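> Sequence and predicted structure are below.
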Amino acid sequence: MFYKENSNVEIIYRQSKPVSQSEYPGFEPSASIIKKGTVHRTDGQPIPCDILCERDVAVKLRDGTTIYTDIFRPVDEKNVPTLVVWSPYGKRGSVLSLDLFPGRMDVAPEEEDGLNKFEGPNPGYWVNHGYAIVHPDPRGVFNSEGNIHAWGKQEAEDEYDLIEWVAEREWSNGKVGLTGNSWLAISQWNVASYCPPHLSAIAPWEGACDIFRETCFKGGVPDFSFTETIFSSFTGNTSYEDIPAMMRKYPLMSEYWEDKAPTLENIEVPAYIVASYTNLLHTYGTFEGWQRISSKEKWLRIHNTFEWPDYYNPQHVEDLRKFFDYYLKGEQNGWNNTPKVRLAVLNPGHQDILNRVEEDFPLERQQLMKLYLDASSGTLSQDIAGKKSKIKYTPDEKGVSFKVFFEQDIEIVGYMKLHLWVSTEDSNDMDVFAFVRKLDASSKELPIKMVNDSYYAGASGRMRVSLRQLDATKSTLEKPVQSFKTQEKLKPREIIPVEIGFWPMGMKWHAGEQLELLITGVELLKRPEFPEMSSGPYINQGTHTIYTGEEYDSYLIIPVIPSV
């Protein structure tokens, strides 16, 4: 069905999954005490204190729509700060849980208490430390009125209204914080850009900022599988915004997608941001948020695992509480002396570097180095190839690679860019994927352990060549930003340059090890246990050709960090 959102955009909606009692225990406005010591999931952590639990509390939004929220708070306590946990997965009885994933993605069962939302904090822990936890079902979710919206202005206004409603409760101290991972982080960037007066601190734990560029059309290449998997799981009595259908309707950047990319520069509240290099959805957006928000008080911690085990790690939960205690309770606990950046440098085959203190990201002392491709030898060098040459490849998983041996240790931290001259004889478009991987001296790949038995090949970038037009106002030497507003199809055998930005990476190579640049026509980062992470469909046909030497200065920019 269609809904006219404004004069320019028609939103397509799809019927939500009906509410079932097996997934949702029912609508029951009530208040009760959850007793200390009770267990609410198999092998889960016992509840550490009595909790006042208010179920299905009605909240009326500015347009008259009513949503329902659960509230967990200390019994008989007043003047408490609140953490709002905003997501469409259900305030209880979520259709998603870590139990659905292999090995629970390295999160131990005892690190959840069973009252928590999917990808959200444990109410028992936070109530025991004097916080209220608010679990809303946003517009359209389960029994809340209206249709489910995906990010953008409508969702931001709704969360804004909830934040201000919470601040007015008689038990509230008027300070509200936001926490959570993935959607729960994306929504933080979104609502914080609208500056709710009582929003006092945010903690986005890995979440995209620009849904078009980072989730739906990375490099202009569509990713239908993931969006279809997530949105088709939404449950409610009405409908949800059909993002896969909107991707087909608006395959280029438009007013519709711009609404879903918050103005990060508006964000001024204190922020504790957590990132990793290996997340297939959130790496770019998390670092983008760190760099662009206007908050004078902001912190970044980069880890070397996966978002879920990092979020539920007890040590990191304590670290997060120190941040919120400082800003929501006013405790002088020394959080302000926390290093602004705690950096991880991956070092496959050796020991990763963790929590190295830095002042910023990217690092100010980085030195950008160009490594030129030579199609005649399959090598990378600081010297441009002596003569013109070309190499053809079939755009399958093998592709074509270029390598360089490092004679001394080298650390690469930041953004890489591939400047590539290409053509095709068989089509008017190309999907180009590029990967930077680490090899040992014998050319054996040294992959990065991510979670369970899953490995990550290395930094990557991709580009649908017809969408190569750059946004000159946003692009830098090592960080190209495409406008995605104009298609420029190729002519047969037309040789054109394309700029492919890589998602940020921090990795160390030791003397004798190799950097391999692999160029192909398919995504290699998908994992078999997560088929929804596959991208496509691709538009490749026939063969691709890469040109190097003389005027065809194909090169890879790498940010080298001088020895400390």
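On my side now, so go ahead.
> Point out where this protein drops to low pLDDT.
Flagging of the chain using pLDDT under 70 yields the residue ranges 1-7, 21-23, 93-95, 526-536, 564.
> make it 80
Scanning the chain for pLDDT under 80 picks out 1-8, 20-26, 93-96, 449-457, 525-537, 563-564.
> what about the helices in it?
Assigned by DSSP state H, the chain shows helices spanning 123-128, 152-167, 183-192, 211, 224-231, 243-249, 255-258, 283-292, 307-312, 314-324.
> of those helices, which approaches Lys508 most closely?
Lys508 sits nearest to helix 283-292 of all the helices of the chain, at 18.0 Å, using C-beta to C-beta. To be clear about C-beta, it is placed using only N, CA and C from the backbone, and glycine gets the same treatment.
> any idea how far that closest one is from the chain center?
Chain-centre distance of helix 283-292: 9 Å, with C-alpha atoms, centre = their mean, to the nearest Å.
> and it, what does it pack onto?
Using 3 or more C-beta pairs under 8 Å, 6 or more residues apart in numbering; DSSP states H and E as the contact criterion, the elements in contact with helix 283-292 are helix 183-192, strand 271-276.
> repeat that for 10 Å
helix 183-192, strand 199-205, strand 271-276, strand 298-303, strand 458-464 (3 or more C-beta pairs under 10 Å, 6 or more residues apart in numbering; DSSP states H and E).
> rewinding a little: most packed of the helices of the chain?
Comparing the helices of the chain by mean neighbour count (mean count of other C-beta atoms under 10 Å), helix 183-192 comes out on top with a mean of 28.
> Would you mind writing the CA trace of it as CSV?
Included here for helix 183-192 are C-alpha records, laid out as CSV according to Å, rounded to 0.1, in the frame of the first residue of the first chain:
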residue,chain,number,x,y,z
TRP,A,183,19.5,-0.2,15.2
LEU,A,184,19.7,1.0,18.8
ALA,A,185,22.8,2.9,17.8
ILE,A,186,21.5,4.2,14.5
SER,A,187,18.5,5.6,16.2
GLN,A,188,20.8,7.5,18.6
TRP,A,189,22.5,9.3,15.8
ASN,A,190,19.1,10.1,14.4
VAL,A,191,17.3,11.5,17.4
ALA,A,192,20.4,13.2,18.8
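> need the helices of the chain in CSV with distance to Leu363, can you?
Formatted as CSV, the entries for the helices of the chain read as follows, by distance: least, C-beta to C-beta, whole Å:
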stretch, distance to Leu363
helix 123-128, 34
helix 152-167, 32
helix 183-192, 23
helix 211, 28
helix 224-231, 31
helix 243-249, 36
helix 255-258, 31
helix 283-292, 12
helix 307-312, 22
helix 314-324, 22
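> nearest to Gly501, of those?
helix 283-292 (8.7 Å).
> okay, the angle between that closest one and strand 458-464?
Angular relation of helix 283-292 and strand 458-464 on a 0 to 180 degree scale: 90 degrees, by axes from the mean of the first three to the mean of the last three C-alpha atoms, to 10 degrees.
> tell me the contacts of the closest residue to Lys218 other than its chain neighbours?
If you skip the residues right next to it in sequence, Lys218 has Arg462 as its closest partner in space, 5.9 Å away by C-beta to C-beta, 6 or more residues apart in numbering. Applying C-beta atoms under 10 Å, 6 or more residues apart in numbering, one finds that Arg462 lies in contact with 218-221, 431-435, 500-503, 520-523, 525, 535.
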